[in-house]
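Student: Compute the structure for the input listed below.
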Amino acid sequence: MSAVVSGGKLAFVVDPNSRNGPSCINQIDVVASGDARAKPAFGDDAARIRYGTFWHQSLEYDCVDAFPIFYGQQLRGKPQPSGRVSAKPLRIGTVYDVATTSGTGGYGSGSFKIMADHTVLNVPRQPLAR
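Tutor: Model prediction:
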């Protein structure tokens, strides 16, 4: 998965080097690496916010949203009953991990940061701390 700027908006696309070609998603997570935390809004899952989530949506097994996916867009389909985090303002220089699920088992992921000139840099994913 790659982050790009499209029409002045942050979008997530299938990495052009990917051997797989998912046609849709039913879950997306954007989580800050490091200590950055968002301020929760009414209805947000507080535990996800404490973990570093800046955006989370999950649908039941509807898979109707095609790539590209724009940061903060409302996904179509029947939402999961809990766990939602509305999209929060992203910070310049912070590395974010993005992960998606397609259908019942496909997935994609990547990492990116927004530069001072508002371009997007895709960065190698950092291994989980052990």
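Student: which is the next helix or strand following the worst-scoring helix or strand of the chain on mean pLDDT?
Tutor: The weakest-scoring helix or strand in the chain, judged by mean pLDDT, DSSP states H and E, is strand 106-114 (a mean of 90). Once strand 106-114 ends, the next helix or strand along the chain (criterion: DSSP states H and E) is strand 120-123.
Student: what residues does the least confident helix or strand of the chain touch?
Tutor: Outside strand 106-114, the residues that touch it by CB atoms under 8 Å, 6 or more residues apart in numbering are 1-3, 10, 12, 14-15, 18, 20, 22, 33, 90-102, 120-126. C-betas here are computed from N, CA, C, even on glycine.
Student: Could you do stretch 50-63 as well?
Tutor: 23-34, 36-38, 45, 48, 71-72, 74-80, 83-88, 90, 96, 101-104.
Student: From Q73, how far out is the residue nearest to the spatial centre of the chain?
Tutor: Residue closest to the average C-alpha location in the chain (CA atoms, centre = their mean): V30, at 3.4 Å. Per CB to CB, to the nearest Å, V30 is found 12 Å from Q73.
Student: Please apply the same query to A38.
Tutor: Separation of A38 from Q73 (CB to CB) stands at 17 Å.
Student: who has more neighbours, those two?
Tutor: Neighbour count, other CB atoms under 10 Å: between A38 and Q73, A38 has more, with 22 against 16.
Student: how many other residues sit next to the nearest residue in space to that one that is not next to it in sequence?
Tutor: Distance criterion CB to CB, 6 or more residues apart in numbering; nearest residue to A38, sequence neighbours excluded, is K88 at 3.7 Å. Close neighbours of K88, defined as other CB under 10 Å, add up to 21.
Student: Show the model's pLDDT score for K88.
Tutor: pLDDT, K88: 97.
Student: Run through the residues that contact it.
Tutor: A38, K39, A41, F54, W55.
Student: all helices of the protein, in order?
Tutor: Along the chain, the stretches classed as helices by DSSP state H are 46-51.
Student: Which parts of it are strands?
Tutor: Applying DSSP state E to the chain gives strands spanning 2-6, 9-13, 27-32, 53-58, 69-70, 95-102, 106-114, 120-123.
Student: Fine, thanks again, bye for now.
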